[in-house]
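S.K.: Pasting a predicted model and its sequence here:
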Amino acid sequence: MALDPDEYAADELGEELETLDDVDEIQAVLEAEQAGKDRKTAREAIHRRLEELDETGGDGVEEGTETEGEYEETKEDVGDEAEGEEMDEIGEDVEDTDESDEPTTEDDGDEDESTVEEEEDDDLSHPTRDKKHVRALEGGEYADMWVFCETQGGELLEVSREMLGKARELMDQFEDDYGDDERVVAFLMGDDCEDLAEETIAYGADVAVYHDDRRLERFLHKPYTEIAAHMARGQGTVESTDWREYDEPRYVLFPATNNGRDLSAKVQAELDSGLASDCSDLYIEENEVSNPVKTGEPGVKKTFEKVLHMKRPDFSGFEYSTILCLDNPGRDFHPQGASIIPGSFDPIEPDYEREGLVVEHDMELDEDWVRVEITEHDRLEAGIDLAGHEVIVCLGRGIADDPTRGMELGLDLVDAFEDAELGITRGIVTSAYQFEGHVEEYSKEERQIGETGQVVAPDVYIAAGVSGAVQHKVGMDESDTIVAINTDPDARIRDFSDYYIEGDLFEVLPRLTSAVESGETRLEAIADGSGGEDR
């Protein structure tokens, strides 16, 4: 046997196999691997080489070898070189990257591969028999951080500006760390959106790619997904693509809005990559891992460079998980993608003299993608934007004894500050509390703070009668100073408050309002943080 697989790491073996063109010889390598280390990733590399030779007229894989369930061919429109491969977990928790879990044992199955009929699905550009098998991309060229800039009513959403500011910060640091000058690329679509594309340059983008079509005035799932993926792959006319020389973006950011969450999942699936949803922080650095799924061989450590670390609150609400999108041997997961919770970052000051490249994207839209047309609509009154205020007063279920009185006390405290607004928890939104008079308008969902509401990060956050549920914590955890008022000494919110007042909000709020109005507030005297009796 000319090639001993035991002498090579799994990723190196793939390169060596490219020098072999004899099917029988490669089959002998496969048998040697199965009799020796029997590494899953090594077997996959051998199978891939056998399939390549089969496509070019070779004899292919001998009947009876372990190929069942490991690969599925994609449809013709993916391309002759597309390869399917079993997909391992894309999201890697940074805390688990030193674990060396054993590779999953393959299920050989009872059904012969030749008898399996591939299902047809005209709604996907690269359908597969099941979701474990996706098109593989190996050794691609990746660059730049792309930011989807969502628009509404002819304006950029604030979260779009926030993401551009963070992307600018990350890519400036990227150049310092790696010496590579990669760009921030804004991409957007809509009706008459060229001016908005130019505005993204002022907020930090180096390049703005836009697709203008009157039919895209409102978000539509199919055309937005197809256009975004088309842009990312660098497809289109020479005039709209000659500014770049790579296969796909290195990173891509979406807003964690209703439309952004929808689009991010569809686009990342279309690009065969992963997604970390609802993130609140990002940074880029290298990572060393020993997981054999990622390294290709147990006991081997591998360093991944330029990894986007995507932090998001976990289900406990008290910890943050850091998600990584790491490649597998022979399988690139790009773009590394995340959706960003609005309010997580501050936009930079716009520089309207800043120069950048604005590119109009060219793509023919299928009429079937835009077959739904909105012929008439009513515009709702502007909602309440809680972001951007210096102080937020939030009321929770603690107002239950007298809901109307509790709401009035919260509004009195809001009025005592120069720049404050009232928020509420989901508990109030879903309750059956009876409010009298004008205070009822403050109990609507538009003021809800939390995972399914608004995310705020004021200088001071005053939570009165709020227990501190996980879903609520996500919406206010980035506040500079958190003051909690609660009768329960063991309320969860105490664990992440800077100041905790153990008391009845109906008694505390009036005193706090008087103190603010008189300018004699001294929060440092409220509690000593020792867990003893509050003062």
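M.R.: Ah, there it is. Numbering: from 1, shown residues only.

S.K.: Pick out the residue nearest the middle of this structure.
M.R.: residue 338 (2.2 Å; CA atoms, centre = their mean).

S.K.: Can you tell me the element that one falls in?
M.R.: strand 336-340 (DSSP states H and E).

S.K.: cool, and residue 265?
M.R.: helix 258-270.

S.K.: Buried residues, the strand or helix carrying residue 24. List them.
M.R.: Here residue 24, judged by DSSP H and E, is contained in helix 23-35. Residues of helix 23-35 classed as buried by neighbour count (16 or more other CB atoms under 10 Å): 23, 26, 27, 28, 29, 30, 32, 33, 34. Every residue, glycine included, has its C-beta placed from N, CA and C.

S.K.: Ok, stretch 161-176 next?
M.R.: Buried-residue list, stretch 161-176, by 16+ other CB under 10 Å: 161, 162, 163, 164, 165, 166, 167, 168, 169, 170, 171, 174.

S.K.: need the contact list for the residue nearest to residue 204 when sequence neighbours are not counted.
M.R.: Nearest residue to residue 204, sequence neighbours excluded (CB to CB, 6 or more residues apart in numbering): residue 168, at 3.4 Å. By CB atoms under 8 Å, 6 or more residues apart in numbering, the contact list for residue 168 reads 184, 204, 205, 348.

S.K.: Repeat that for residue 11.
M.R.: Contacts of residue 11 by CB under 8 Å, 6+ apart are 41, 45, 296, 329, 330.

S.K.: Just the ones in helices from the residues you listed, please.
M.R.: Among those, DSSP state H puts 41, 45 in helices.

S.K.: Make CSV from the contacts of residue 11 and add distance to residue 150 and neighbour count to it.
M.R.: As requested, these are exported to CSV (distance: CB to CB, whole Å; neighbours: other CB atoms under 10 Å):
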residue, distance to residue 150, neighbour count
41, 39, 25
45, 41, 28
296, 39, 24
329, 36, 25
330, 35, 19
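
S.K.: Near residue 365, how many other residues are there?
M.R.: 16 (other CB atoms under 10 Å).

S.K.: again but with residue 15, I slipped
M.R.: 10.

S.K.: For residue 505, grab the count of nearby residues.
M.R.: 26.

S.K.: okay, the closest residue in space to it that isn't next to it in sequence: pLDDT?
M.R.: Spatial nearest neighbour of residue 505, excluding adjacent residues (CB to CB, 6+ apart): residue 464 at 4.3 Å. Looking at residue 464, its pLDDT reads 96.

S.K.: what does residue 390 give?
M.R.: 94.

S.K.: Now do the contacts for the residue lying closest to it once chain neighbours are set aside.
M.R.: Using CB to CB, 6+ apart and skipping residues adjacent in sequence, the residue nearest residue 390 is residue 419, 4.3 Å away. Shown in contact with residue 419 (CB under 8 Å, 6+ apart): 389, 390, 391.

S.K.: Quick one: mean pLDDT over the longest helix seen in the chain.
M.R.: What stands out as the longest helix in the chain, according to DSSP H, is helix 158-178. Mean per-residue pLDDT for helix 158-178: 95.

S.K.: Tell me how far it lies from the chain's centre.
M.R.: Distance of helix 158-178 from its chain centroid, counting by CA atoms, centre = their mean, to the nearest Å, is 15 Å.

S.K.: could you point out which element follows it?
M.R.: Assigned by DSSP H and E, the successor of helix 158-178 is strand 184-190.

S.K.: what lines up beside that following strand in the sheet?
M.R.: strand 142-148 (parallel), strand 207-212 (parallel) (DSSP bridges).

S.K.: Nearest to residue 401 among those would be which one?
M.R.: strand 142-148 (45.9 Å; CB to CB).

S.K.: ok, residues contacting the following helix or strand past the closest one?
M.R.: Using DSSP H and E, the helix or strand that directly follows strand 142-148 along the chain is strand 151-152. Residues from elsewhere that reach strand 151-152 (CB under 8 Å, 6+ apart): 157, 160, 188, 190, 193, 196.

S.K.: Report pLDDT for the fifth one.
M.R.: According to the model's per-residue confidence, residue 193 sits at a pLDDT of 92.

S.K.: which residue sits closest to it in space, ignoring its chain neighbours?
M.R.: residue 210 (5.2 Å).

S.K.: Low-confidence stretches in the stretch 51-200 of the chain?
M.R.: 55-138 (pLDDT under 70).

S.K.: JSON lines please, covering the buried residues of stretch 161-176 and showing distance to residue 516.
M.R.: Below are the buried residues of stretch 161-176 laid out as JSON lines (distance: CB to CB, whole Å):
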{"residue": "161", "distance to residue 516": "31"}
{"residue": "162", "distance to residue 516": "29"}
{"residue": "163", "distance to residue 516": "35"}
{"residue": "164", "distance to residue 516": "36"}
{"residue": "165", "distance to residue 516": "32"}
{"residue": "166", "distance to residue 516": "33"}
{"residue": "167", "distance to residue 516": "38"}
{"residue": "168", "distance to residue 516": "37"}
{"residue": "169", "distance to residue 516": "35"}
{"residue": "170", "distance to residue 516": "39"}
{"residue": "171", "distance to residue 516": "42"}
{"residue": "174", "distance to residue 516": "44"}
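
S.K.: Which single one of the residues you listed is nearest to residue 459?
M.R.: residue 162 (17.4 Å).

S.K.: That closest one and residue 284, how far apart?
M.R.: Applying CB to CB, to the nearest Å, the value for residue 162 to residue 284 is 18 Å.

S.K.: Same check on residue 348?
M.R.: Taken as CB to CB, the span from residue 348 to residue 284 is 18 Å.

S.K.: Just confirm residue 220 contacts residue 370, I think it does.
M.R.: Yes: if you go by CB atoms under 8 Å, residue 220 and residue 370 touch, sitting 6.4 Å apart.

S.K.: okay, those two: which has more neighbours?
M.R.: residue 220 (20 against 15).

S.K.: Next one: residue 406 relative to residue 515, how far apart?
M.R.: Where residue 515 is concerned, residue 406 sits at a distance of 19 Å (CB to CB).

S.K.: now swap in residue 28 and tell me
M.R.: Where residue 515 is concerned, residue 28 sits at a distance of 84 Å (CB to CB).

S.K.: Repeat that for residue 482.
M.R.: 18 Å.

S.K.: Who has more neighbours out of these two?
M.R.: More neighbours surround residue 482 than the other of residue 482 and residue 515, with 22 against 15 (other CB under 10 Å).

S.K.: That one belongs to a strand?
M.R.: Yes: counting by DSSP: H, G, I helix; E, B strand; the rest coil, residue 482 is part of a strand.

S.K.: Is it bridged to anything, and to what?
M.R.: Here residue 482, judged by DSSP bridges, has bridge partners residue 461.

S.K.: So it is in contact with residue 501, correct?
M.R.: No: checked against CB under 8 Å, the pair residue 482 and residue 501 is beyond contact range at 11.6 Å.

S.K.: returning to that earlier point: tell me the contacts of the residue nearest to residue 193?
M.R.: Residue 210 touches 187, 188, 189, 190, 193, 194, 196, 197, 358, 359, 360, 361, counting by CB under 8 Å, 6+ apart.
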